[in-house]
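**Q** The following block contains a protein sequence and its predicted model.
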Amino acid sequence: MSRRGHLSAKERLEKLEELKRLKAEYRLLGYVPYAKQLEFHHLRARERALFGASRAGKTLSAGMETAMHLSGIYPHWWQGLRFKKAVRWGVGSETGDLLKKGPQRILFGPMEAIGTGTIPKALLVLPPRMSRGVPDGIDVLQVRHCTEGQADGTLSAAVFMSYADGRAKWASDEWDGAWLDEEPDLDIYTEAVTRTNTSMGPVMLTFTPLRGISEVVMRFRNSQPDTAWCGLGLEEALHFSAKDRERIIASYPEHEREARVRGEPMLGEGKIFKTPESVIAIDGFVVPKHFAVIAGMDFGIDHPFAAVKLAWDKDTDTIYVMQTYRERGLTPVAHASALRHWGNVRWAWPHDGLIRDRQSAEQIAQFYRNEGLDLTSEHAQYPDERKNGLEASIVDLDQRMQSGRFKVFSHLHEWLDEYRYYHRKIVMAENGARRSVPVKERDDLISATRYATMMLHYAEVETPLPQLDRYRAAYAKQQRRSWMGA
């Protein structure tokens, strides 16, 4: 130090190097999450998923939280669960190599810079227990646990597990919590949850959903009990400039962009309906009496039964989806009972309604007629025989959406969920030709909508039921008079 108390250039450089080292070794203390990362940390559910864009910070956020629980050091803004004792934490990824490049690097730092991960270097118990199968891979990482900021003499442990090891290896431990980075198969995921059942501790899942609408994704997107999720898009990752985001987005194939940029599940060759949801979803309203109505049903022989009710403004040729129903495992009697209150409406139905029940030999469509629903005399088809089939109905709906002639009441969340994920896949024909076909999964309400739209020519202004009964009585009386020659 100089005579007047000022630092020399060499001393100043040494202080800056020390500060740089301390920041690297105590990253946890300087962690300030982005808004979506903070939302993920504070989700009120035992199982939490962060569907994130590539390189947006999803792995870092879970790595920071895991470091908090292992060390017992929580930032002032933390509102979630706090562990006041040492914990045992499961950490998983697809392979041993990805474990090393992902969660291990985030928690521990690279081998050439040990202690520069999310766990403060001073709390690491070195050397860790190394993996015998992966060079520089760690099996178990021990961490000194702190109480009120001071090490209390107990040790937490992060146990690294690979999905490739198989479910059997995962079925032999108990954890206080778990973090899975990259999407596992459902059996591995449920096994990880099972490892935490004694403690009922948190399970975190972070990945870019490149596998599409998988069982694991739908576990969260269908809002199963005690699950919650949020998305972290590229636009919310503040470490990228606007120009960098544009270059990154342009570098991805179109069918991968929703997943890699927004964290939305990848839909194979892409979504079938590309009209923005904000264009078709509108607030519900009381349908004017002059609108014609028709309903459509999809029988659900090997999938959920679904039904929709449409209103049709003939003046503008605009269709409105105003009611929906989707249930699995019930009988035709139960479905019909739920739908009768929809009023006096004609029902469009698919070709498989002609299939006969094995026991009664009665057509499936007839079951619903017997329960009082007014099914059309023929299965769903366009009046123009040249325009029929699945693709024709998809084109019809797509053109209506693009031209503003198809709307959905915004509170019909199940319908909109199907809309988001309705997509195509490539299949190979016997002659080796490739063709793109709609994926027939989670499309029940969309299918019912297609059938009703195909039969719009049956749509009628809805007649109140009491008035309909009077019309029927008057018609029957007139018929009797005609027959008697009166």
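**A** Thanks, I have it.
**Q** Below-threshold pLDDT in the stretch 251-400 of the chain: ranges please.
**A** Where the stretch 251-400 of the chain drops to pLDDT under 70, the residues are 255, 266-270, 301, 386.
**Q** Kindly export the longest strand seen in the chain (C-alpha atoms) in PDB.
**A** The longest strand of the chain (DSSP state E) is strand 150-162. Presented in PDB, the C-alpha positions along strand 150-162 are these (Å, rounded to 0.1, in the frame of the first residue of the first chain):
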ATOM      1  CA  GLN A 150     -22.800 -21.200  10.500                       C
ATOM      2  CA  ALA A 151     -21.800 -24.800   9.700                       C
ATOM      3  CA  ASP A 152     -23.500 -27.000  12.300                       C
ATOM      4  CA  GLY A 153     -21.300 -30.100  11.900                       C
ATOM      5  CA  THR A 154     -23.800 -32.100   9.800                       C
ATOM      6  CA  LEU A 155     -23.400 -33.100   6.200                       C
ATOM      7  CA  SER A 156     -25.900 -33.000   3.300                       C
ATOM      8  CA  ALA A 157     -25.500 -35.200   0.300                       C
ATOM      9  CA  ALA A 158     -26.300 -34.900  -3.400                       C
ATOM     10  CA  VAL A 159     -26.700 -38.300  -5.000                       C
ATOM     11  CA  PHE A 160     -26.200 -38.300  -8.800                       C
ATOM     12  CA  MET A 161     -28.300 -40.800 -10.700                       C
ATOM     13  CA  SER A 162     -28.600 -41.500 -14.500                       C
END
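**Q** so what strands line up beside it?
**A** Here strand 150-162 is paired, per DSSP bridges, with strand 88-93 (parallel), strand 138-147 (antiparallel).
**Q** And for G109, the neighbour number?
**A** Residues near G109, counting by other C-beta atoms under 10 Å, number 20. (Each C-beta comes from the backbone N, C-alpha and C, glycine too.)
**Q** typo on my end, it should be Y458
**A** Look at Y458: counted by other C-beta under 10 Å, it has 18 neighbours.
**Q** can you give me the helices in the stretch 1-150 of the chain?
**A** Applying DSSP state H, counting those that start in this stretch to the stretch 1-150 of the chain gives helices spanning 9-25, 35-41, 58-71, 96-99, 105-108.
**Q** on that earlier part again, can you name the residues in contact with the helix or strand that comes right after the longest strand of the chain?
**A** Note on strand 150-162: by DSSP states H and E, the next helix or strand toward the C-terminus is helix 167-170. With contacts defined as C-beta atoms under 8 Å, 6 or more residues apart in numbering, helix 167-170 is touched by G92, M161, D187, I188, E191, A192, R195.
**Q** For the first one, give the beta-bridge partners.
**A** For G92, the beta-bridge partners under DSSP bridges are M161, L180.
**Q** Confirm for me that it is in contact with L98.
**A** No. Using C-beta atoms under 8 Å, G92 makes no contact with L98, being 9.8 Å away.
**Q** neighbour-wise, which of those two wins?
**A** G92 (26 against 18).
**Q** okay, the strands paired with strand 150-162, which one's buried deepest?
**A** Across the strands paired with strand 150-162, averaging neighbours per residue (mean count of other C-beta atoms under 10 Å) puts strand 88-93 on top, at a mean of 26.
**Q** Specify the angle between it and helix 58-71 in degrees.
**A** Interaxial angle of strand 88-93 relative to helix 58-71 (axes from the mean of the first three to the mean of the last three C-alpha atoms, to 10 degrees): 160 degrees.
**Q** any idea of the mean pLDDT for strand 88-93?
**A** Mean per-residue pLDDT for strand 88-93: 97.
**Q** got the CA coordinates for that strand in CSV?
**A** C-alpha atoms of strand 88-93 as CSV (Å, rounded to 0.1, in the frame of the first residue of the first chain):
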residue,chain,number,x,y,z
ARG,A,88,-30.1,-36.1,1.1
TRP,A,89,-31.0,-35.0,-2.4
GLY,A,90,-31.4,-37.0,-5.6
VAL,A,91,-30.0,-35.4,-8.8
GLY,A,92,-30.8,-37.0,-12.1
SER,A,93,-30.2,-36.6,-15.8
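**Q** residue ranges of the helices in the stretch 351-486 of the chain, please?
**A** 364-370, 390-402, 413-421, 444-454, 465-484.
**Q** Lowest average confidence across those helices, which one?
**A** helix 465-484 (a mean of 53).
**Q** dump the residue contacts of the nearest residue to A178 once chain neighbours are set aside.
**A** Excluding the flanking residues, the one nearest A178 by C-beta to C-beta, 6 or more residues apart in numbering is G90, at 4.0 Å. G90 sits next to V159, M161, D173, W175, G177, A178, W179, A192, R195, T196 when contact means C-beta under 8 Å, 6+ apart.
**Q** hmm, 10 Å instead?
**A** Applying C-beta atoms under 10 Å, 6 or more residues apart in numbering to G90 gives the contacts 66, 157-161, 170, 173-180, 191-192, 195-196, 201, 203.
**Q** buried subset of those residues?
**A** Buried members of the contacts of G90, scored by 16 or more other C-beta atoms under 10 Å, are 66, 157-161, 170, 175-180, 191-192, 195-196, 201, 203.
**Q** just to revisit the earlier point, report the mean per-residue pLDDT for the longest strand of the chain.
**A** What strand 150-162 shows for mean pLDDT is 94.
**Q** May I see the buried residues of stretch 307-322?
**A** Burial within stretch 307-322, assessed by neighbour count using 16+ other C-beta under 10 Å, is assigned to A307, V308, K309, L310, A311, W312, D313, T318, I319, Y320, V321, M322.
**Q** Return it as PDB; C-alpha atoms alone will do.
**A** The C-alpha coordinates for stretch 307-322 follow below in PDB (Å, rounded to 0.1, in the frame of the first residue of the first chain):
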ATOM      1  CA  ALA A 307     -69.100 -33.300 -27.100                       C
ATOM      2  CA  VAL A 308     -69.300 -29.700 -28.200                       C
ATOM      3  CA  LYS A 309     -72.200 -27.300 -28.900                       C
ATOM      4  CA  LEU A 310     -71.800 -24.800 -31.700                       C
ATOM      5  CA  ALA A 311     -73.800 -21.600 -32.500                       C
ATOM      6  CA  TRP A 312     -73.800 -20.500 -36.100                       C
ATOM      7  CA  ASP A 313     -74.400 -16.900 -37.200                       C
ATOM      8  CA  LYS A 314     -75.600 -17.500 -40.700                       C
ATOM      9  CA  ASP A 315     -75.400 -13.800 -41.600                       C
ATOM     10  CA  THR A 316     -71.600 -13.700 -41.100                       C
ATOM     11  CA  ASP A 317     -71.000 -17.500 -41.500                       C
ATOM     12  CA  THR A 318     -69.300 -17.500 -38.100                       C
ATOM     13  CA  ILE A 319     -69.200 -20.500 -35.800                       C
ATOM     14  CA  TYR A 320     -68.900 -20.200 -32.000                       C
ATOM     15  CA  VAL A 321     -67.900 -23.000 -29.700                       C
ATOM     16  CA  MET A 322     -70.100 -22.300 -26.700                       C
END
